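Asks: Test case, fold it:
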Amino acid sequence: MLKQHELQAASPYALDTVDLEGFGDKLKGKVRDMYHVGNNRLLIATDRVSIFDRVLSLMPYKGQVLNQLAAWWFEQTADIVDNHLISVLDPNVMLVQEAQTLPVEVIVRSYITGVTDSSLWTLYDRGVDRPYGLDLPPGMKKNDRLPQAVITPITKATQGEHDELLTADEVVERGLIEPELWEEVKQVAIALFNRGKSIAMRGGLVLVDTKYEFGLIDGRLVLIDEIHTPDSSRYWGAESIERNRRVGKDPDNFDKEYLRTWFATRGFRGEGDAPVMPADFVTEVAARYIGAYETENSGKLGS
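Replies: Below is the predicted model of the structure:
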């Protein structure tokens, strides 16, 4: 794993498109550059952008952080489920096995929170009956802990489209995933989430919710894409939850929700013209990404 200074020296702008010459046909990915390299393997250039494509490209080093964190987390969870990673060739590039991607992404949540239109808190606060098909207790407040971790599946959207919200029952009813495989996916997702919570807590962070993507290789379930990074997971500072709750503030965020909130408070949710983000705020967001990377890769965490 790279140290912070190595990470920052690796590339001046992580989110510039990485054009890898000499490899097979370039595939059209949602936020990554993918190349066929033969033997059922794919070469994946690091994330260029994620949420709010037109503005996140300002943030330096984000792609390398996500690559390094995802590779580390694949190592931490390999005893729970196989993954598609073969090697990280450099800070920008992963070599993975090609997999048949399942059409459903799994989000596991332990708190009711969020600011986007599809967040569990937003739906609940708007009075949506049984959001994601869940029976939630009445009278919950934003950032309350849920009685138990819940799964809220969504379809895996293609480029330019929005994810479709699903209930757990609809995954099987619509024939998206076979019943036995869906049961395996749910069990594995909860096991991964519990592992993530345990490791994050030892680093002073609370894993609030996270997204998992799965696929099949030769018929067996495998974990694909990044996991437990600030782009795929919501982290709070453990010490800040109750302290901030007492004064009516949200917990300290260490993920892209920190960025989303900045836009949401200015009325921007990804459509139309985005407000200009000050340079010092961009720097702060980048520091939080790198801070989560350092926390989760410190020697005191072990494996």
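Asks: Please spell out which residues along stretch 236-250 are buried.
Replies: Trp236, Ala238, Ser240, Ile241, Asn244, Asp250 (16 or more other Cβ atoms under 10 Å). Any C-beta I mention is one placed from the backbone N, CA and C, and that applies to glycine too.
Asks: What mean pLDDT does that stretch get?
Replies: Averaging pLDDT along stretch 236-250 yields 93.
Asks: Distance from the chain centre to it, please.
Replies: Centroid separation for stretch 236-250 versus its chain: 22 Å, with Cα atoms, centre = their mean, to the nearest Å.
Asks: Need the contact partners of that stretch.
Replies: 113, 142-143, 201, 204-206, 208, 251-254, 261 (Cβ atoms under 8 Å, 6 or more residues apart in numbering).
Asks: how about the CA coordinates for it, as CSV?
Replies: Provided in CSV are the C-alpha atoms of stretch 236-250 (Å, rounded to 0.1, in the frame of the first residue of the first chain):
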residue,chain,number,x,y,z
TRP,A,236,-18.9,9.0,10.6
GLY,A,237,-16.4,9.9,13.2
ALA,A,238,-17.3,7.7,16.2
GLU,A,239,-16.8,10.3,18.8
SER,A,240,-18.8,12.9,16.9
ILE,A,241,-22.2,11.0,16.8
GLU,A,242,-23.6,11.8,20.2
ARG,A,243,-21.6,15.0,20.7
ASN,A,244,-23.1,16.5,17.5
ARG,A,245,-26.5,15.0,18.2
ARG,A,246,-26.7,17.0,21.4
VAL,A,247,-26.3,20.3,19.6
GLY,A,248,-28.4,19.4,16.6
LYS,A,249,-25.6,18.8,14.1
ASP,A,250,-24.9,15.9,11.8
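Asks: Once you drop chain neighbours, what's closest to Gln64?
Replies: Once flanking residues are discounted, Gln64 sits nearest to Pro91: 4.0 Å by Cβ to Cβ, 6 or more residues apart in numbering.
Asks: ok, now how distant is that neighbour from Thr261?
Replies: 28 Å (Cβ to Cβ, to the nearest Å).
Asks: Ok, Gly133 next?
Replies: The spacing between Gly133 and Thr261, counted by Cβ to Cβ, is 27 Å.
Asks: from what I can see Arg288 touches Asp231, true?
Replies: No: Arg288 is beyond contact range of Asp231, at 11.6 Å (criterion: Cβ atoms under 8 Å).
Asks: quick one: common contacting residues for these two?
Replies: What both Arg288 and Asp231 touch, as defined by Cβ under 8 Å, 6+ apart, is the set Asp255.
Asks: circling back: of the buried residues of stretch 236-250, which belong to helices?
Replies: Judged by DSSP state H, the subset of the buried residues of stretch 236-250 located in helices is Ser240, Ile241, Asn244.
Asks: Return the residues in contact with Arg130.
Replies: Arg130 touches Leu136, Thr167, counting by Cβ under 8 Å, 6+ apart.
Asks: Can you give me the pLDDT of it?
Replies: Arg130 is assigned a predicted lDDT (pLDDT) of 93.
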